[in-house]
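S.K.: Below are the sequence and a predicted model; questions follow.
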Amino acid sequence: MKKMILLVMTSLFLAFVLVGCSGKESADAYVGEQITKLKEDGASGLSVILDEGIAESNETYILQFPEELKESYLEFLQASFKNIEFEVQKAKKDGDDKFSVRVGFTPLNIGNTTQDARELYLTAIASNDLTVEVGELLEQLKDIVADSPVYDPETFVTIEVEKDGDGFKVKEEDVQELLRQAFEGSMAPYDSVCEILDVQDFLKAYLDASYKGEVAQFAKHTDRTEEEAAAWYEAEAFDAPYDLSASYVDRYKAALKEIVKQCQYTVGMPKKESGIYNYTIDVTVVPNNSLVDAMAELEGGTYYSIDAVSQGLVEILERYAEAPSFGEETVVTVTLNLDSLFNANANDSELSKLADIILVPAE
């Protein structure tokens, strides 16, 4: 329904902008009037440009642009558009009832204008709510764009104008091209927040898939199907010891899974470091000591057969599955970049060390 309303609004807007009363009005004067109207109420027209930006961002990140953020983002673009000055040149006659009007302007570079403010905002980002965080950032940036705009070199767009009865009309594509070129980096406020939250979401999804078996979000981040991600979770992680009696294998796997699912960790807000895809992230962990404690209990017992050892191990694990043992909360800082991801399975990698803190292994 929201998309249908937006489509109707856009159609009405274009009808309003592209056709107008001329009388003795010149084609260039008409174009100037339409640009003024765009400045006064061009949110519907700008929605086409925003949709293009959203599509590009949604291709870049797993987190998707929230529908409820669209209105405030259009308001930001509208406010930004008002800071651009246009110079409409005299119309050139191209034929019977056809004209071309060259419009000059200096595009507003939203990315450069807001860079310092965005970087400062990201150092104190408070939540992983994408809608709230981008909305609050946009409010802060409106004044910066109005007070300290940074422009790119002057550019020109030619708008074709045609007589339409007593009025004029312009090509829809030309108006959209003017709006498209009026901004540089229009998605920079959104992308700067989404990038950080997307990285946080990836690490959380990785840990949730590894320990909880919750694979849906991890599958999206790693371009897997959920079935493939589930197979990754199951692979080798819960294999029983080779000498465990066969009658206890299923109970062993079930108890071990339950212990692992109760691991406790909280992924903090990533900090962007220099370089491509390079972040540091604080992960708050309450170490799960269940396996090492269970093994200590097992070693303290006396057993006279493989079957007795198997029974003892499984029964101990089942007790810890019901009531895991934990250590003291600690904070682990991990680096997440292309190198750390590539070497994630190495024993001395940062992610492997984090795993050994989250679930302390039995020696």
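M.R.: It's in.
S.K.: alpha carbons only for contacts and neighbour counts from here, please
M.R.: Noted.
S.K.: And the helices in the stretch 1-150 of the chain, which stretches?
M.R.: Secondary structure of the stretch 1-150 of the chain (DSSP state H, counting those that start in this stretch): helices at 2-18, 27-41, 43-60, 70-81, 110-122, 130-147.
S.K.: how about JSON lines for the ones you listed, with mean neighbour count, distance to residue 351 and mean pLDDT added?
M.R.: JSON lines is the format used below for the helices of the stretch 1-150 of the chain (neighbours: other C-alpha atoms under 10 Å; distance: least, C-alpha to C-alpha, whole Å; pLDDT from 0 to 100):
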{"stretch": "helix 2-18", "mean neighbour count": "14", "distance to residue 351": "42", "mean pLDDT": "39"}
{"stretch": "helix 27-41", "mean neighbour count": "19", "distance to residue 351": "51", "mean pLDDT": "89"}
{"stretch": "helix 43-60", "mean neighbour count": "18", "distance to residue 351": "24", "mean pLDDT": "91"}
{"stretch": "helix 70-81", "mean neighbour count": "19", "distance to residue 351": "37", "mean pLDDT": "94"}
{"stretch": "helix 110-122", "mean neighbour count": "17", "distance to residue 351": "24", "mean pLDDT": "97"}
{"stretch": "helix 130-147", "mean neighbour count": "17", "distance to residue 351": "26", "mean pLDDT": "96"}
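S.K.: I'd say residue 204 and residue 267 touch.
M.R.: Yes. With contacts counted by C-alpha atoms under 8 Å, residue 204 reaches residue 267, the gap being 6.2 Å.
S.K.: Using a markdown table, lay out the helices of the stretch 1-150 of the chain together with distance to residue 242.
M.R.: Formatted as a markdown table, the helices of the stretch 1-150 of the chain follow (distance: least, C-alpha to C-alpha, whole Å):
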| stretch | distance to residue 242 |
| --- | --- |
| helix 2-18 | 58 |
| helix 27-41 | 72 |
| helix 43-60 | 44 |
| helix 70-81 | 56 |
| helix 110-122 | 50 |
| helix 130-147 | 47 |
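S.K.: buried stuff in stretch 306-326?
M.R.: 307, 309-318, 320-321, 324-326 (16 or more other C-alpha atoms under 10 Å).
S.K.: Which ones among the residues you listed lie within helices?
M.R.: In helices, defined here by DSSP state H, the members of the buried residues of stretch 306-326 are 307, 309-318, 320-321.
S.K.: tell me the SS of the residue located most distally from the centre of the chain?
M.R.: For the chain, the largest distance from the centre (C-alpha atoms, centre = their mean) belongs to residue 304, which lies 57.1 Å off. Of the three states, residue 304 takes coil under DSSP: H, G, I helix; E, B strand; the rest coil.
S.K.: Please name the nearest non-neighbouring residue to residue 162.
M.R.: Nearest residue to residue 162 in three dimensions, chain neighbours excluded: residue 98, at 4.5 Å (C-alpha to C-alpha, 6 or more residues apart in numbering).
S.K.: which residues does the one you found contact?
M.R.: When contacts are counted by C-alpha atoms under 8 Å, 6 or more residues apart in numbering, residue 98 is found next to 160-163.
S.K.: neighbour-wise, which of these leads?
M.R.: residue 161 (26 neighbours; other C-alpha atoms under 10 Å).
S.K.: Show me what that residue bridges to in the sheet.
M.R.: With DSSP bridges as the criterion, residue 161 is bridged to residue 99, residue 170.
S.K.: That one contacts residue 32, doesn't it?
M.R.: No. Between residue 161 and residue 32 there is no contact under C-alpha under 8 Å: 11.8 Å.
S.K.: What is the neighbour count of residue 241?
M.R.: When counting by other C-alpha under 10 Å, one arrives at 10 neighbours for residue 241.
S.K.: Over to it. Which of the three states is it?
M.R.: Per three-state DSSP, residue 241 ends up coil.
S.K.: Residues contacting the longest helix anywhere in the chain, please?
M.R.: Looking across the chain with DSSP H, the single longest helix is helix 188-207. For helix 188-207, the external contacting residues (C-alpha under 8 Å, 6+ apart) are 57, 61-63, 110-111, 114, 118, 122, 128, 130, 133-134, 137-138, 214-215, 217-218, 221, 266-272.
S.K.: now with 7 Å?
M.R.: Residues from elsewhere that reach helix 188-207, judged by C-alpha atoms under 7 Å, 6 or more residues apart in numbering: 57, 61-63, 111, 118, 128, 130, 134, 138, 217-218, 221, 267, 269-270.
S.K.: which among those gets closest to residue 257?
M.R.: The nearest member of the contacts of helix 188-207 to residue 257, counting by C-alpha to C-alpha, is residue 218 at 18.3 Å.
S.K.: Tell me which helix or strand the closest one sits in.
M.R.: For residue 218, the element it lies in under DSSP states H and E is helix 216-221.
S.K.: For that helix, enumerate the helices and strands it packs against.
M.R.: Applying 3 or more C-alpha pairs under 7 Å, 6 or more residues apart in numbering; DSSP states H and E, we find helix 216-221 packed against helix 188-207, helix 226-234.
S.K.: between the first one and helix 70-81, how many degrees?
M.R.: Per axes from the mean of the first three to the mean of the last three C-alpha atoms, to 10 degrees, the angle that helix 188-207 makes with helix 70-81 is 150 degrees.
S.K.: and helix 188-207 with helix 130-147, angle?
M.R.: In terms of direction (the same axes, to 10 degrees), helix 188-207 departs from helix 130-147 by 160 degrees.
S.K.: so how far is helix 188-207 off the chain centroid?
M.R.: 5 Å (C-alpha atoms, centre = their mean, to the nearest Å).
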